[in-house]
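Colleague: A structural model of the following input is requested.
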Amino acid sequence: MYEMKTVLVTGGVRGIGYAIACAFLKKGYRVCVSYSKDEQNAALAEAAGLEVYRASVADENAVVALFEKIGGVDILVNNAGVSLVKQIQDVTLKEFNDLFAVNIGGAFLCSREAAKYMIAKKSGLIVNISSVWGEVGASCETVYSSSKAALLGLTKALAKELGYSGIRVNAVSPGVIDTQMNAHFSDEDMRALQEEIPLGRIGEGGDVASAVLFLEENEYVTGIDLPVNGGFSIV
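Modeller: Numbers count the residues shown, from 1 in each chain. As a prediction, the model looks like this:
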């Protein structure tokens, strides 16, 4: 008898997260998404057929309650994230802590709760959405880059720790993707970035979603960082 797998995509009501959630929905999965503040897009996601839950991934109690409501997940996509564009001398400790609480703290909390169910089932997949800036760093985005680099470290360590329980852990590192998170770039900045991309175009949410589906379908792949950046990070 076919058992429908449950997917949770954090930060899944817009941008890359929404594209990933919809890709799984089209494949026939039960797809749950979480969000923190975006009520308008949450309503649209629910209308599209996604199970929508409000929960801040930086709040331990909220994360525990989220997993209790969902009832365990077979696939976790840690996509929720926030950015910060500032020179290092202007960043406050609170800004640093708040960003890390979401970008790496949220991935830790959600992975911890997901692992409890996955270990008991002896199977599962965790995909962490990092960034090209986590791979190579970005000027004026030191804190954001550092958090995404930490996410890559978490991926490798968890892959080693959970592999013996049949759980795979991978990362996807998008490059310049046409999402609201990149709205701070001017048109001129975006054109300059596009010129640095060997494939000659800005990425789309669907490009990242395809990479996540690839990792779901390949059961002998774990512990990797899959760049999805059109060649932007080629050295």
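
Colleague: elements contacting the longest strand belonging to the chain?
Modeller: When the chain is parsed with DSSP state E, its longest strand is strand 167-174. Applying 3 or more CB pairs under 8 Å, 6 or more residues apart in numbering; DSSP states H and E, one finds that strand 167-174 contacts helix 105-121, strand 124-129, helix 132-136, helix 142-162, helix 205-217, strand 225-228. Any C-beta I mention is one placed from the backbone N, CA and C, and that applies to glycine too.

Colleague: Relative to the whole chain's centre, how far out is the last one?
Modeller: What it means is strand 225-228. Computed by CA atoms, centre = their mean, to the nearest Å, the chain-centroid distance of strand 225-228 equals 12 Å.

Colleague: got the contact list for that strand?
Modeller: For strand 225-228, contacts defined as CB atoms under 8 Å, 6 or more residues apart in numbering pick out 130, 132, 135, 152, 155, 170-175, 203, 207-208, 211, 214-215, 233.

Colleague: who does it pair up with?
Modeller: Strand 225-228 has its sheet partners listed here by DSSP bridges as strand 167-174 (parallel).

Colleague: So in the chain, where's the weakest helix or strand by average pLDDT?
Modeller: helix 187-195 (a mean of 83; mean pLDDT, DSSP states H and E).

Colleague: Without its sequence neighbours, what residue ends up closest to residue 206?
Modeller: Distances taken as CB to CB, 6 or more residues apart in numbering place residue 19 nearest to residue 206, at 5.4 Å, with adjacent residues excluded.

Colleague: I figured the one you found hits residue 209, correct?
Modeller: Yes - proximity of residue 19 to residue 209 meets the contact threshold set by CB atoms under 8 Å, at 4.5 Å.

Colleague: related to what we said a few turns ago, okay, the residue nearest to residue 206 and residue 120: tell me how far apart.
Modeller: 30 Å (CB to CB, to the nearest Å).

Colleague: okay, those two: which has more neighbours?
Modeller: Per other CB atoms under 10 Å, whichever of residue 19 and residue 120 has more neighbours is residue 19, with 22 against 11.

Colleague: Tell me the backbone dihedrals of that one, please.
Modeller: phi -60, psi -40 (degrees, to the nearest 10).

Colleague: is residue 125 in a bridge, and if so with what?
Modeller: Bridge pairing for residue 125 - DSSP bridges - gives residue 75, residue 168.

Colleague: Spatially central residue for this structure, please.
Modeller: For the chain, the residue nearest the mean C-alpha position is residue 79 (2.0 Å; CA atoms, centre = their mean).

Colleague: contacting residues for that residue?
Modeller: So, once contact is read as CB under 8 Å, 6+ apart, residue 79 ends up touching 9-12, 16-17, 20, 129.

Colleague: Deepest-packed of the helices and strands packed on strand 167-174, please.
Modeller: Burial of the helices and strands packed on strand 167-174 is given as mean neighbour count (mean count of other CB atoms under 10 Å); strand 124-129 ranks first at a mean of 25.

Colleague: since we're on residue 13, how many residues are nearby?
Modeller: 26.

Colleague: hang on, it in a strand?
Modeller: No - counting by DSSP: H, G, I helix; E, B strand; the rest coil, residue 13 is not part of a strand but coil.

Colleague: what's the spacing between it and residue 142?
Modeller: As defined by CB to CB, residue 13 lies at a distance of 28 Å from residue 142.

Colleague: for residue 88, same thing?
Modeller: The value you get for residue 88 to residue 142, if CB to CB is used, is 5 Å.

Colleague: And for residue 23?
Modeller: Separation of residue 23 from residue 142 (CB to CB): 32 Å.

Colleague: again with residue 21
Modeller: With CB to CB as the criterion, residue 21 and residue 142 are 30 Å apart.
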